[in-house]
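**Student:** Dropping the sequence and predicted coords here.
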Amino acid sequence: MKHIPLTTLSLLALLAGTSASARDYWFGADLSYVNEMQDCGARYSYAGETDPYKIFAKSGHNLVRVRLWNNPTWTNYSNLADAEKTLAAARASGQKVLLDFHYSDDWADGEKQLAPAAWEGMSDQQQADALYRFTVDTLTYLEAKGLMPDMVQVGNESNKEIVSSWEGAKLPINWKRNALLFQAGIKGVRDASAKTAIKPQIMLHIAQPENVEPWFAAAREAGVTDYDVIGISYYRKWSKYDTQQLADTIQRVRHAFGKEVVVVETAYAFTDGWNDEMGNLLGTDSILPGYPITPEGQAKYMHDLMQLVMDSGGNGVVYWEPAWVSTKCKTRWGTGSSWENAAFFDFKGKAVPAIDWPKASYVWPVEVTFTVADSGQPAQYLAGDFTGGVIVAMTRDGGRFVYKAWLRPGSAIVAAVAGTEAAVGDAEAQGVTVPAAAGTVTLRTQP
């Protein structure tokens, strides 16, 4: 940033003694396999507790994520009855719940988004109507059971055009159609919860951070804006980004789109061994410098990832899938689990250290309010660079303009303010150290 001769910025930190951890953060676990694992004879233990839902509550987790397929005739799980069982058990343990609509009869992920069999051959509008109806009917049923989820995913790892086919996954997204379907799902959540006590937050979810910014920019251009949370999958094995690039992405999208950000899927192995005939999906090909494939390395990864998310302005992390242990049950891939080396339980069912990541010591971000006096000209102030290079609009608050951000205490940032984006880019950068408690940084322009 360059110096503007007629303008200087003075900074005054006014501290307020509010709690550093007043903001809510998600310490989550996707437990979509738990019911199946229990039916297959899996056993879990942690600090004298054996019920898996109670185990995760006891270890400090506060959110259970569960997937839902439309009509999965190939399995008895991840249908509405199974999801209901998970939601009830999670709620009974004191945790909140995230319901993950795949809008498919099978896995919907970053490589494919297969339409439910019942929706094949429909027109775009008919599919949108069916998606809306399925969303409303599901949530209305759960509300009647006292199980309205706290958060809802409209789609899972929806990098490709949703409600599509293998052939469609090879094509560029038709955003007119894609937006029609997403807006149907979003409207379904809003309508189903219009008169309920719980108003679920809506999450849209993209796999791997390098895909997040272009997808959400295209979604916004297509008119998809009525959602609350950006969900990101981060698996180093399948991502081109290291953890710092993940942090930078979270920081940018948090401010560029004005939404909460959650790393809603991640995992790390605690051993490169296996306990069945299937081998492992995660192993030495997924290792990160400083995080050996050991119980201690897995625990350190989870702690450091959560701290990174908080430092970047994000709202939490959800681990996938910490209870998918090896059993004698068969799946379409073989007998056992290809994930047991990345679970939170060893091969005897005893919890490994990573399960305690919610209880680890963290440096809690504080809310900093950046403010500038309203001189009447210009009508809108913009501030930049303390958000990682993103220029953000400040909002009018009485006789001043303000912008709020959650930042790590003691971290060094720079700030600048001006009336136009170009002027922000040319303004003189001023150094700020984030205070130890929530407070206000006043930015004053002086002739």
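**Tutor:** Ah, there it is.
**Student:** Please count neighbours and contacts with C-alpha atoms only from this point.
**Tutor:** OK.
**Student:** for the stretch 251-400 of the chain, what spans make up the strands?
**Tutor:** Along the stretch 251-400 of the chain, the segments classed as strands by DSSP state E, counting those that start in this stretch run 260-265, 316-319, 330-331, 334-335, 366-373, 382-384, 391-393, 395-397, 400-407.
**Student:** mind putting those strands in a markdown table, distance to Gln430 included?
**Tutor:** What follows is the strands of the stretch 251-400 of the chain, written out as a markdown table (distance: least, Cα to Cα, whole Å):
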| stretch | distance to Gln430 |
| --- | --- |
| strand 260-265 | 27 |
| strand 316-319 | 30 |
| strand 330-331 | 58 |
| strand 334-335 | 59 |
| strand 366-373 | 13 |
| strand 382-384 | 11 |
| strand 391-393 | 15 |
| strand 395-397 | 21 |
| strand 400-407 | 16 |
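**Student:** could you redo those as TSV and give each row mean pLDDT and mean neighbour count?
**Tutor:** Listed next are the strands of the stretch 251-400 of the chain as TSV, based on pLDDT from 0 to 100; neighbours: other Cα atoms under 10 Å:
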stretch	mean pLDDT	mean neighbour count
strand 260-265	98	26
strand 316-319	98	26
strand 330-331	87	10
strand 334-335	92	14
strand 366-373	90	22
strand 382-384	84	24
strand 391-393	86	21
strand 395-397	89	15
strand 400-407	90	20
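**Student:** between these, which one is nearest to Glu120?
**Tutor:** strand 330-331 (25.9 Å; Cα to Cα).
**Student:** just checking, Tyr46 touches Pro353?
**Tutor:** No. In this structure, Tyr46 is not within contact of Pro353 by Cα atoms under 8 Å, at 10.2 Å.
**Student:** Give the residue from these two that has the larger number of neighbours.
**Tutor:** Ranked by neighbour count (other Cα atoms under 10 Å), Tyr46 and Pro353 place Tyr46 first, with 19 against 16.
**Student:** List the beta-bridge partners for that one.
**Tutor:** Glu49 (DSSP bridges).
**Student:** Use 32 as the first number for this chain going forward.
**Tutor:** In the new numbering, first residue 32, that becomes Tyr77.
**Student:** can you give me the helices for the stretch 32-181 of the chain?
**Tutor:** For the stretch 32-181 of the chain, applying DSSP state H, counting those that start in this stretch gives helices covering 65-70, 83-89, 111-123, 155-175.
**Student:** Next: the stretch 282-431 of the chain.
**Tutor:** Under DSSP H, counting those that start in this stretch, the stretch 282-431 of the chain gives helices at 326-342.
**Student:** where does it have low pLDDT?
**Tutor:** Scanning the stretch 282-431 of the chain for pLDDT under 70 picks out the ranges 408.
**Student:** so how far is Trp57 from the most centrally placed residue in the chain?
**Tutor:** Nearest to the geometric centre of the chain sits Val293, at 2.3 Å (Cα atoms, centre = their mean). Between Val293 and Trp57 the distance, using Cα to Cα, to the nearest Å, works out to 8 Å.
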